[in-house]
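Trainee: Attaching a predicted model along with its sequence, questions to come.
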Amino acid sequence: MNFVFVNHVHPETAHVSSMRMRLFADALTRRGHRVILLTEPRERSNAVATPAEAERSLMSHDWRAPFRLSCPRFSDWRDTAARSPNLPSLLRRVLIFGNMTLRGGTNDDWVQGARPYWPVIERAFRPDLVWGIFGDPSSLRAAQLLARHVGVPWVADFKDHFEFFVHPLARRIVASRYADAAGFSSNSRFYASVAARFFHMPHVVVYSGVAPAMIAASSGTVDAKVFRIMLVGALYDGDRLRQFFAALAAWLQTVDPADRDSIELTYAGSDRRIIEPALSAQPPPCRTRVLHQLPLDDLGRLCQSAALNAYIWCPRGFHHKLLELLACRRPVVSFPGELKESVELAAEFGGDLRVCESEAALQQTLASVWRKWRSGETSQTSAPINVQALTWDAMAAKLEAFLVEMSKFKPSQRSKT
């Protein structure tokens, strides 16, 4: 089948917001489908094809890989101002609210820039269905309008929390704009339950896959010389991090001082502005390293060498990093809690998830893993992980089935708003 995947974030953007569309497109292409990625240009790049150039490229494209179609933005002060960090906060919020309610999102200048390419897509590609990725509602707007132009169904994808990204007073208005979608997909049961409050249509949960770089070989072992505690990803706020450090320091006080030289806390992520002040104010009595957000190859090697991988849990989101860390075949700590869904996923795939809801529980887990490491055990998970079920190709099978089913939907079956 012919699919168009729509996300204003360019697929080469070094951020999680680009991964779901890009990697599912690759997986569906391997399954024999043809896919266009409709996005904005790469950051700081103005190199975009004109509609005529894009049409010629589409006609000669080798469909063993997705076709990337970057569309320029039309200049519009309302969108530019709403995205400007220099605008006073109150005025910026007013503009964002207005753009959400009146224009369907905060990147309408990109939606307008994409419009000249829609006749090209219709003539040279003839899509069967359009899939729009929610991060900003403008991606849904572009998917909806393209689908209407071509006369095919479209599907929304809630990879993020709908309520968190849309103002409470705008949610019903925004949802009513996109009520003509054939269905929606989501990245978790949690996000699906939130979206279902506003979107009453068939839906499916399709988890994002895990990159090969994060999947450890079953024979892998931890670093025998360094007891590495990896702290990964977003930290959200300083309070939970301070509690994590307090538990770590309390456990370290129970370790013989001569052994502390072999213990290392390594952070990898984008929240250096949170962790560096916290480490300065509350330095744990062990070695520490703070790294930038790493390429997956480097992050995978570090997490697979660790005795324990950990992340700070935030109750307003589903933490896909859990699946990535489980694939590293090491004990995983979530502090200070986790969703029931995540606990069930760890059990389903055979991973070793330790949900530590208190500082005392975290101290006990650290002590337990330390004893195993000291005894020479590899700290492998307690049950073999079904790593093949975690790949993008495995997850794509469910997405494929849903998109094929939704392609049978007649757009006229639901009123257009």
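Mentor: That came through, no problem.
Trainee: surely Val155 meets Ile133?
Mentor: No. Using Cβ atoms under 8 Å, Val155 makes no contact with Ile133, being 10.1 Å away. In this view, the C-beta of every residue, glycine as well, is placed from N, C-alpha and C.
Trainee: Which one of the two is surrounded by more residues?
Mentor: Counted by other Cβ atoms under 10 Å, Val155 and Ile133 do not tie: Val155 has more neighbours, with 28 against 25.
Trainee: hey, what's the more buried one bridged with?
Mentor: Trp131, Gly183 (DSSP bridges).
Trainee: what sits against it?
Mentor: Shown in contact with Val155 (Cβ atoms under 8 Å, 6 or more residues apart in numbering): 129-132, 181-185, 402-403, 406.
Trainee: Just give me the closest of the residues you listed to Ala310.
Mentor: Ser185 (29.5 Å; Cβ to Cβ).
Trainee: Can you report how many residues neighbour that closest one?
Mentor: Residues contacting Ser185 under the criterion other Cβ under 10 Å number 27.
Trainee: May I ask you to confirm that it belongs to a helix?
Mentor: No. Secondary structure of Ser185 (DSSP: H, G, I helix; E, B strand; the rest coil): strand, not part of a helix.
Trainee: How about it, nearest residue that isn't a chain neighbour?
Mentor: Closest residue in space to Ser185, ignoring its immediate chain neighbours: Asp157 at 4.7 Å, by Cβ to Cβ, 6 or more residues apart in numbering.
Trainee: A helix includes the one you found, no?
Mentor: No. Counting by three-state DSSP, Asp157 is not part of a helix but strand.
Trainee: That one and Ser188 touch, don't they?
Mentor: No. Contact between Asp157 and Ser188 fails when scored by Cβ under 8 Å: they sit 11.9 Å apart.
Trainee: Contacts for stretch 278-286, please.
Mentor: 238, 241-242, 245-246, 248-249, 252-253, 260, 263-265, 288, 290.
Trainee: Weed out the non-buried ones from these.
Mentor: Among the contacts of stretch 278-286, those buried by neighbour count (16 or more other Cβ atoms under 10 Å) are 238, 241, 245, 248-249, 252, 260, 263-265, 288.
Trainee: still on that earlier bit, could you report the separation of the residue nearest to Ser185 from Leu399?
Mentor: The gap separating Asp157 from Leu399 is 9 Å, by Cβ to Cβ, to the nearest Å.
Trainee: neighbour-wise, which of the two wins?
Mentor: A direct count of neighbours by other Cβ under 10 Å for Asp157 and Leu399 places Asp157 higher, at 30 against 23.
Trainee: May I have the residues that are in contact with the closest residue to Ala156 other than its chain neighbours?
Mentor: Closest residue in space to Ala156, ignoring its immediate chain neighbours: Phe184 at 4.3 Å, by Cβ to Cβ, 6+ apart. Neighbouring residues of Phe184 by Cβ under 8 Å, 6+ apart: 155-158, 192, 195, 199, 201, 203.
Trainee: mind checking pLDDT for Phe184?
Mentor: Phe184 carries a pLDDT score of 98 in this model.
Trainee: Then Gly238?
Mentor: pLDDT, Gly238: 86.
Trainee: related to what we said a few turns ago, put together TSV for the contacts of Val155, with distance to Gly151 on each row.
Mentor: Below are the contacts of Val155 laid out as TSV (distance: Cβ to Cβ, whole Å):
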residue	distance to Gly151
Leu129	11
Val130	11
Trp131	16
Gly132	16
Ala181	15
Ala182	13
Gly183	17
Phe184	20
Ser185	22
Phe402	20
Leu403	17
Met406	15
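Trainee: which one of the residues you listed is nearest Leu345?
Mentor: Taking Cβ to Cβ as the measure, Leu345 lies nearest Ser185 of the contacts of Val155, at 17.0 Å.
Trainee: Return the helix or strand encompassing Glu400 as CSV; C-alpha atoms alone will do.
Mentor: In the assignment (DSSP states H and E), Glu400 maps to helix 392-406. What follows is helix 392-406, C-alpha atoms only, in CSV (Å, rounded to 0.1, in the frame of the first residue of the first chain):
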residue,chain,number,x,y,z
TRP,A,392,10.6,-2.0,15.3
ASP,A,393,9.9,-4.7,12.8
ALA,A,394,7.9,-6.7,15.4
MET,A,395,5.9,-3.6,16.5
ALA,A,396,5.3,-2.6,12.8
ALA,A,397,3.2,-5.7,12.2
LYS,A,398,0.5,-4.4,14.5
LEU,A,399,0.6,-0.9,13.0
GLU,A,400,0.5,-2.4,9.5
ALA,A,401,-2.6,-4.4,10.3
PHE,A,402,-4.4,-1.3,11.7
LEU,A,403,-3.5,1.0,8.9
VAL,A,404,-4.6,-1.5,6.3
GLU,A,405,-7.9,-1.9,8.1
MET,A,406,-8.4,1.9,8.4
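Trainee: Great, nothing more from me.
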